[in-house]
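# Generate coordinates for the sequence data below:
(one chain, ligands or ions: 1)
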Amino acid sequence: MSFADSIIALSSGRLPAGVAVVRLSGPHVRFVLETIAGAVPEPRQAVYRALRRRDGEVLDKGLVLFFPGPHSFTGEDVAELQVHGGRAVVSAVLDELTSIPGVRAAEPGEFTKRAFLNGKLDLTETEALADLVNAETEAQRRFAVLNASGAQADLYAGWRQRLVEARAMIEADIDFSDEEDVPASVAEMVWTDVEAIRCEIEAHIEGYRSAEIIRDGFDVVILGAPNSGKSSLFNALVKREAAIVTGEAGTTRDLLEVALDLGGIRVRITDTAGIREEAGTVEAIGISRALARAETADLLLILEDMQTPVSFDPGQSVVPRLSIGTKVDLIADADRSSSYDLVISVEDDTGIQALLGEIGRRAELAIGTMGEVLPSRLRHVDLLRETVSHLAEAVAAGNLPLELRSEMLRLATRSLGRIAGDVETEHLLDVIFSQFCIGK
Ligand SMILES: Nc1nc2c(c(=O)[nH]1)N(C=O)[C@@H](CNc1ccc(C(=O)N[C@@H](CCC(=O)O)C(=O)O)cc1)CN2
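Residues are numbered from 1 along each chain as shown. Purely as a prediction, here's the structure:
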């Protein structure tokens with residue numbers, strides 16, 4: 001695949017910066033380097049050059065790198081200009097480059113899109129690169145690196161290979177059935193393996209919840225009767241944890257939410273105290289709204305003031321919970337033994353570290369085995385479900401002609417292949433790549 005245009009972008013971060021990396025890809029790269037840097041450097045060797053406008057004016061002096069296609073990130077000729085990271089420097093360099101006919105500014109994700117279309121990466125790897133660029137926590141980074149290195153691609157390629165082999169056996173069975181070349185026991189083995197693949201994919205789909213937790217965070221909701229100490233705990237947790245990922249948000253629904261980085265895992269803590277705490281019907285409405293929010297949580301912290309215990313009923317929800325006695329500093333030592341999972345005092349800092357540790361432990365448990373390959377997008381889950389349903393259909397269709405069952409397997413393989421980006425339409429690719437940053 002080749003592209004008529006060459007593309008350029010500032011691939012490094014916000015200006016001003018110490019150094020800025022301007023990346024170029026496409027058929028004009030050699031010409032551009034000759035024009036701006038005087039010559040094309042040896043492949044993959046950084047050289048220090050003056051970068052000149054065509055009228056001879058020196059724009060900056062910087063490092064120039066050349067990666068001849070196809071052995072480059074995009075598979076095309078690629079170059080990098082590593083210049084001083086001043087706004088005027090970068091804009092002068094970009095202006096000079098785009099004044100060259102055939103050279104234009106890249107769209108978001110366009111370098112990666114070219115890498116995909118040139119077969120350097122499959123679609124799961126490009127999605128993982130986007131995740132890597134957006135990774136804020138250690139768990140997100142680890143997960144993205146795994147898939148960017150092809151772990152997800154390899155898993156699906158393995159299933160596809162087995163399905164292709166299964167179909168080959170079935171086709172052989174169809175072609176040579178008169179000659180009885182394919183023993184019945186072999187045909188049985190084929191369907192046993194197809195069923196095994198179906199089960200493996202089903203188990204893999206289950207892992208999507210873990211991927212969601214890694215990406216969106218482990219969702220903790222603080223509940224309790226009015227004045228049970230919800231806001232105090234929320235503030236203590238937020239203050240304690242130095243690495244706050246996002247600020248307070250979501251106040252529109254009377255909920256305060258903050259995302260923490262707890263031992264490398266994103267954890268979202270929501271305080272429901274903003275929901276109006278007044279006596280009577282308003283309070284009842286507030287509590288029912290808090291409970292509705294709690295339904296989708298991963299962990300509930302149910303608070304009770306140990307001085308004046310008002311039990312809070314979190315209803316029939318199956319969400320795991322910790323019952324927490326608050327304001328323990330006001331309780332005489334003799335009366336402190338309790339039926340709570342944890343007792344805390346924000347006042348004298350009792351139990352807060354223990355609570356954070358317990359939340360972190362539960363978040364780790366929810367993510368499951370680190371290093372496991374998970375589906376990272378709903379797009380993947382949808383196509384995996386499609387695959388499973390074609391496979392189930394094929395396995396169940398024992399009374400149908402083999403030609404039809406083989407066709408069902410072909411459809412399953414096609415659904416699986418679409419995850420890697422086979423047969424995707426230009427439109428879908430545009431949607432996927434538009435979510436990337438410019439210069440990626
Ligand atoms: N300066 C710089 N740093 C960077 C990038 C970049 O483009 N420029 N990357 C950009 O995202 C990442 C590195 N990704 C890269 C991926 C492939 C190739 C590459 O040249 N691949 C060739 C040769 C492989 C080899 O020698 O083993 C190939 O695939 O054929 C380069 C960078 C992170 N760091």
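
# List the buried residues for stretch 374-390?
By neighbour count with 16 or more other CB atoms under 10 Å, stretch 374-390 contains the buried residues 374-377, 379-381, 383-384, 386-388, 390. Placement of C-beta: from N, CA and C, glycine included.

# Send over that stretch as CSV, restricted to the C-alpha atoms.
Only the C-alpha atoms of stretch 374-390 are listed here, as CSV (Å, rounded to 0.1, in the frame of the first residue of the first chain):
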residue,chain,number,x,y,z
LEU,A,374,-8.0,-9.4,28.0
PRO,A,375,-10.3,-7.9,25.4
SER,A,376,-9.7,-4.2,25.7
ARG,A,377,-12.6,-2.7,23.8
LEU,A,378,-16.4,-3.3,23.5
ARG,A,379,-15.7,-3.6,19.8
HIS,A,380,-13.6,-6.8,20.6
VAL,A,381,-16.3,-8.2,22.9
ASP,A,382,-19.0,-7.7,20.3
LEU,A,383,-17.0,-9.5,17.6
LEU,A,384,-16.0,-12.3,20.1
ARG,A,385,-19.7,-12.8,20.9
GLU,A,386,-20.5,-13.0,17.2
THR,A,387,-17.7,-15.6,16.9
VAL,A,388,-19.0,-17.6,19.8
SER,A,389,-22.5,-17.7,18.4
HIS,A,390,-21.3,-18.9,15.0
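
# of all of this protein, which residue lies closest to the ligand?
Of all residues in the chain, His71 sits closest to the ligand, at 3.6 Å by CB to the nearest ligand atom.

# residues touching that residue, list them.
Under the criterion of CB atoms under 8 Å, 6 or more residues apart in numbering, His71 has no neighbours.

# Just name the shakiest helix or strand of this structure by mean pLDDT.
In the chain, no helix or strand scores lower on mean pLDDT, DSSP states H and E than strand 244-249, which sits at a mean of 44.

# max-length helix in this protein?
Longest helix in the chain by number of residues (criterion: DSSP state H): helix 151-176.

# What's the mean pLDDT across that helix?
For helix 151-176, the mean pLDDT works out to 89.

# and what of stretch 403-412?
Mean pLDDT, stretch 403-412: 94.

# which residues touch it?
By CB under 8 Å, 6+ apart, the residues outside stretch 403-412 that reach it are 163, 166-167, 170-171, 174, 194, 386-388, 390-391, 393-394, 397.

# repeat for stretch 304-319
The contact list for stretch 304-319 (CB under 8 Å, 6+ apart) reads 223-225, 227-229, 291, 294-295, 297-300, 302-303, 321, 323-328, 330-331, 338, 340, 343.

# count of neighbours near Ala157?
When neighbours are counted by other CB atoms under 10 Å, Ala157 registers 15.

# Now do the contacts for it.
Counting by CB under 8 Å, 6+ apart, Ala157 makes contact with Ala420.

# mind redoing it with 6 Å?
By CB atoms under 6 Å, 6 or more residues apart in numbering, no residues touch Ala157.

# measure it to Leu429 for me?
As judged by CB to CB, to the nearest Å, Ala157 and Leu429 stand 20 Å apart.

# In strands, which of the contacts of stretch 304-319 fall?
Mapping those onto strands (DSSP state E) picks out Leu223, Gly224, Leu299, Leu300, Ile302, Leu303, Arg321, Ser323, Ile324, Gly325, Thr326, Val343.

# Report the contact partners of the fourth one.
With contact taken as CB under 6 Å, 6+ apart, Leu300 is in contact with Val221, Leu223, Ala294, Pro314, Val319, Arg321.

# Check the first one too.
The contact partners of Leu223, taken as CB under 6 Å, 6+ apart, are Thr272, Ala290, Ala294, Leu300, Ile302.

# Spatially nearest residue to the second one (excluding sequence neighbours)?
By that I understand Ala290. The shortest distance from Ala290 to any non-neighbouring residue, by CB to CB, 6 or more residues apart in numbering, is to Thr272 (3.8 Å).

# my read: that neighbour touches Ser288, true?
No: contact criterion CB atoms under 6 Å: Thr272 and Ser288 do not qualify, at 11.1 Å.

# okay, the two: which has more neighbours?
Neighbour count, other CB under 10 Å: between Thr272 and Ser288, Thr272 has more, with 25 against 11.

# and the chain, what are its domains?
Per automatic domain parsing, the structural domains of the chain span 6-121, 128-207+374-420, 220-367.

# Done for today, thanks.
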